[in-house]
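[1] give me coordinates for this.
(one chain, ligands or ions: 1)
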Amino acid sequence: MKPPRTSIDSGNPTGYISKKCPECMEYMSLNAGVCPSCKTPVGKINKNGMASRKTDWKAYATAIAAWIVFIVYIWWAFIREP
Ligand SMILES: [Zn+2]
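    Prediction:
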């Protein structure tokens, strides 16, 4: 049985006391910035009680840089004219 929702905690219009990780579905505290279970960066809670995904631009940049290095290496190793 769930306790009735109260409006005691202001600044929390959803009424949730914890948010759910979008990656591993683990619950964490509302002000958590990173999932304690899978280390995914998460944002504020949405209306479904899920933590919103945070776009990790640093991770994107790292991934893109890694791809560029990989492609250049492939080109250098196999395609380059001798
Ligand atoms: Zn998680």
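[2] so which residues of the chain form helices?
    Per DSSP state H, the chain carries helices over the ranges 57-74.
[3] so which bits of it are right by the ion?
    Residues of the chain lying close to the ion (C-beta under 5 Å from the ion) are C21, E23, C24, E26, C35, S37, C38, T40. (Glycine included, C-beta is placed from N, CA and C.)
[4] distance from stretch 64-76 to the middle of the chain?
    Centroid displacement of stretch 64-76 relative to its chain, using C-alpha atoms, centre = their mean, to the nearest Å, is 26 Å.
[5] again with stretch 34-41
    That offset, for stretch 34-41, works out to 7 Å (C-alpha atoms, centre = their mean).
[6] quick one: terminal-to-terminal distance for it?
    This stretch, stretch 34-41, spans 4 Å end to end (C-alpha to C-alpha, to the nearest Å).
[7] go on, stretch 29-36?
    End-to-end distance for stretch 29-36, by C-alpha to C-alpha: 9 Å.
[8] list the contacts of that stretch.
    Stretch 29-36 has contacts (C-beta atoms under 8 Å, 6 or more residues apart in numbering) with 12, 16-19, 21, 23-24, 26, 28, 40-42, 45, 51, 54.
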